[in-house]
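Undergrad: whatever this is, show me its structure:
(3 chains)
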Amino acid sequence: MPELPEVETTRRKLEPLITGRRVVRVEHDAPHKYRDTHLAHGRLVSALGRRGKYIIASFEPEEGEPDVELVVHLGMTGGFRPEAGRHTRVTLHLDDGTALFFQDARRFGKWAVVPAGEYASMPTLRLMGPEPLGDAFDEAAFVELASRAGAVKPWLLSQVPVAGVGNIYADESLWRARIHPAQTRLTREEAVRLRAAIREVMAEAVAVGGSTLSDHTYAQPDGVPGGFQASHHVYAREGEPCARCAAPVTKIVLGQRGTHFCPACQVLRGDAAGRAS
DNA sequence: CTCCCGTCCTGTGGGC
DNA sequence: TGCCCACAGGACGGGA
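TA: Residues are numbered from 1 along each chain as shown, chains lettered A, B, ... in the order given. You can find the predicted model right below:
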């Protein structure tokens, strides 16, 4: 589950390897998952950016060449490695003779070369909310949106209120903010706490290179594991005592997602609406 | 419009 | 020990 911290860590490691390099060829055998990659052939990478969980490579403008960018989503298990492996799905050949190997055991990752800034085929990217660590993540706007939202966790996962939050960081942020994952229509106080929690969790996770889970599907491109899993308070900690109140962490399914929370300090406020099985 | 569900994929692990 | 099946889940499309 690469989420913002894992994707940002990946971007930072990749950046010096790819910027200023020319793409010689993008090699793969699944054109429906890695769309129009031939349009990147011969192009000079000018920058490697990120929006939410998407890595976006920009190219130097060139006479007669379309203004395109390469968009990469790591899916659940995607990541770049310095060497080919059993699950290498895409090989990005560069003009210095090196190559980047995109490994993706479960094949949920996607690549596409698209007209720059044109995300018609990627609605989630098109409707992406503000970066959680940027100035555009405005408190008043978040409070207002949250006051009308349905169940808060699925709402966060939609990427609309804020970019880059996935299953792990949603659970961790809600635990810090002491909000039940199924809570609807957040109060002003709840929304303020949640926004702050998201920023804290994301900043801390980015600082330690993201989370590497027990299945080891995520590692940084150099193979070094992330460090934030040690700071998980609820994710994958079902049955363990809550660090705040010692009640056992509970796992439910909400919006078809495994959802971890403390039933004692994340209490659902009246008004029904949200429920879980 | 919102909400819910199925689909894509395959490695892992829990159960028997 | 060995086998098998359920599970994990981000994005997205379709149906209610």
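Undergrad: okay, CA-based contacts and neighbour counts for the rest of this
TA: Will do.
Undergrad: now the helix or strand containing A:V24: buried residues?
TA: Using DSSP states H and E, A:V24 sits within strand A:23-27. Residues A:23-26 are the ones in strand A:23-27 that count as buried (16 or more other C-alpha atoms under 10 Å).
Undergrad: from these, pick the one nearest A:S173.
TA: Taking C-alpha to C-alpha as the measure, A:S173 lies nearest A:V26 of the buried residues of strand A:23-27, at 37.3 Å.
Undergrad: spell out which residues of chain A are next to DNA strand C.
TA: A:1-3, A:53-54, A:73, A:75-76, A:106, A:108, A:121-125, A:157-159, A:164, A:166-168, A:257-259 (C-alpha under 7 Å from any atom of the strand).
Undergrad: how about residues contacting the strand holding A:V24?
TA: By C-alpha atoms under 8 Å, 6 or more residues apart in numbering, the surrounding residues in contact with strand A:23-27 are A:37-38, A:40-45, A:90-95.
Undergrad: do me a favour and average the pLDDT over the helix or strand following that strand.
TA: Later in the chain than strand A:23-27, the nearest helix or strand by DSSP H and E is strand A:34-35. For strand A:34-35, mean pLDDT rounds to 94.
Undergrad: okay but A:A203 is in contact with A:E131, surely?
TA: No: under the criterion of C-alpha atoms under 8 Å, A:A203 is not in contact with A:E131, lying 11.5 Å apart.
Undergrad: who has more neighbours out of those two?
TA: A:E131 (21 against 16; other C-alpha atoms under 10 Å).
Undergrad: so who does A:L157 touch?
TA: Counting by C-alpha under 8 Å, 6+ apart, A:L157 touches A:165-167, A:170.
Undergrad: next up, phi/psi of it, please.
TA: Dihedral pair for A:L157: phi -70, psi -20, per degrees, to the nearest 10.
Undergrad: do A:E139 as well
TA: A:E139 adopts backbone torsions of phi -60, psi -50, taken as degrees, to the nearest 10.
Undergrad: and if you look at the one 5 residues further on?
TA: Here the main-chain torsion angles of A:E144 (degrees, to the nearest 10) amount to phi -70, psi -50.
Undergrad: what about the contacts of strand A:23-27, which one has the most neighbours?
TA: Among the contacts of strand A:23-27, A:A40 has the most neighbours (other C-alpha under 10 Å), with 25 neighbours.
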